[in-house]
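Colleague: Sequence and predicted structure, then a few things I'm wondering about:
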Amino acid sequence: MSAPFASDPARSRGREFAADDTVTRGPRGPYQRDRDRIIHSIAFRRLRHKTQVFVAPDGDHYRVRLTHSLEVAQIGRTIARSLGLDEDLTEALCLAHDIGHPPFGHAGEEGLDAAMTPFGGFDHNAQCLRTLMRLESPYCEFDGLNLTWELLEGLAKHNGPVIAPNWALAELDAAYPLDLREWAGLEAQVAALADDIAYDNHDIDDGLRAGFLQLDDLLTLDFVADQWREVERRFPGAPRDRQLRELVRGQIGLMVNDLLAETRLRAEGMADPADVRRAGRATAAFSGPVAEAEGRLKRFMYDRLYYHPDQMATAERARAVVATLFEAYSADPSLMGADWGGRADEAEPDRSRHIADYIAGMTDRFAISAYARITGETPDGLRNV
């Protein structure tokens, strides 16, 4: 049963470009089509070689942007089903949310943003919209994937209203208004928290595997220690690696159940999706205690994993690779190849924004090979696990 505040595909605000509806490929609703267009896109496939936490990891068991997005989608769809939200829209939002990330994760974004400072900067969330609405263009009738308004507005403001959009998002909003100052629909809010739940806990799994995190340090967090004691009580003789995976599962379950309970309370009395957008606050949320615990966990992960000295050293090398590529393409756009180089504008800021689009679409390994072709040297130290 759909909840009254769920997005209704039959009442979608439609798509930016009118399309030929006489051609059908199976009995799919508009949000199903969105999800399928994302899955079949080149930009989505490239996520398999883009950094999640560790740059270009040699180990096959570490998460990358693609596997992370699939895990977010699983969590998001579970939450959506329990709340009576539209599962296809939620899943599509989860699958698409990281498409704007450049190579080398946040280090690559920092490098690209620094290079783009004179030309409006770079933001991965705005780049996600730019990719889906303009750059990824498999159709003959229009640019972009021509996704529904509900999906696009959800990606634009899944973390809350956008008061001061950067140049990329402002351009797209001017062409196809997304009501940036309102809250997004509940499916988008759920997708954002599913992302938090996934990376909070799965990054623990990868951090432990890589040796960057130690269990004893994690157990200084009451939130984690409580779950670990329960794991030891239930499975006292189990191998340590299985206990650790049970710990991660337990934390995910706790956070999901808390989110469901708190969101039901906040959504009580809401009669339609418009009530969610006009609420003036997040409707999907953790309870106060879990929100505080989640915040402490995030701070711990930044201190012990994301800002680990080895990670920071790798990040600096990654930023240098991005800076070198941007400088080289700015001096000679033909280095991007006949297609991209031939479409480079002579005037700024369009020229640099075009170059940023090219770099942002790169995978880690493509960026490394491009750097090697340009400089004659393979960058050292870009694999830290």
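Modeller: Yep, that arrived.

Colleague: which residue ranges form the helices in the stretch 101-250 of the chain?
Modeller: Along the stretch 101-250 of the chain, the stretches classed as helices by DSSP state H, counting those that start in this stretch are 105-115, 124-130, 149-156, 167-175, 186-210, 215-218, 222-234, 240-267.

Colleague: ok, R319 touching A114?
Modeller: Yes: counting by CB atoms under 8 Å, A114 is a contact partner of R319 at 7.4 Å. Backbone N, C-alpha and C define where each C-beta goes, glycine included.

Colleague: Okay, now the unreliable bits of the stretch 251-385 of the chain?
Modeller: Within the stretch 251-385 of the chain, the stretches with pLDDT under 70 are 384-385.

Colleague: one more time with 80, if that's ok
Modeller: Low-confidence segments of the stretch 251-385 of the chain (pLDDT under 80): 383-385.

Colleague: Helices along that one, start to end?
Modeller: In the stretch 251-385 of the chain, the segments counted as helices under DSSP H, counting those that start in this stretch are 273-277, 288-301, 309-331, 338-342, 350-360, 364-375.

Colleague: And the longest one, what's buried?
Modeller: Neighbour-count burial for helix 309-331, counted by 16 or more other CB atoms under 10 Å, picks out 311, 314-315, 317-319, 321-322, 324-326, 328-329.

Colleague: Throw the residues you listed into JSON lines and include distance to A338, thanks.
Modeller: Below are the buried residues of helix 309-331 laid out as JSON lines (distance: CB to CB, whole Å):
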{"residue": "Q311", "distance to A338": "37"}
{"residue": "T314", "distance to A338": "33"}
{"residue": "A315", "distance to A338": "33"}
{"residue": "R317", "distance to A338": "30"}
{"residue": "A318", "distance to A338": "27"}
{"residue": "R319", "distance to A338": "28"}
{"residue": "V321", "distance to A338": "23"}
{"residue": "V322", "distance to A338": "23"}
{"residue": "T324", "distance to A338": "22"}
{"residue": "L325", "distance to A338": "18"}
{"residue": "F326", "distance to A338": "20"}
{"residue": "A328", "distance to A338": "16"}
{"residue": "Y329", "distance to A338": "14"}
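
Colleague: closest to R351 among these?
Modeller: Sorting these by distance to R351 puts Y329 at the head of the list, at 9.5 Å, by CB to CB.

Colleague: who touches the closest residue to the closest one other than its chain neighbours in this structure?
Modeller: In this structure, Y329 finds its nearest non-sequential neighbour in I355, 4.7 Å apart by CB to CB, 6 or more residues apart in numbering. Contacts for I355 (CB atoms under 8 Å, 6 or more residues apart in numbering) come out as 326, 329-330, 333, 336, 344.

Colleague: Distance of I355 relative to D345?
Modeller: I355 sits 10 Å away from D345, going by CB to CB, to the nearest Å.

Colleague: Endpoints of stretch 58-72, how far apart?
Modeller: 23 Å (CA to CA, to the nearest Å).

Colleague: swap in stretch 337-352?
Modeller: Stretch 337-352 end-to-end distance (CA to CA) = 16 Å.

Colleague: And for the nearest residue to T378 once chain neighbours are set aside, the neighbour number?
Modeller: Nearest-residue entry for T378: A372, 4.7 Å, with adjacent residues in sequence omitted and distances by CB to CB, 6+ apart. Close neighbours of A372, defined as other CB atoms under 10 Å, add up to 13.

Colleague: Kindly report the same for F104.
Modeller: Counted with other CB under 10 Å, F104 comes out at 28.
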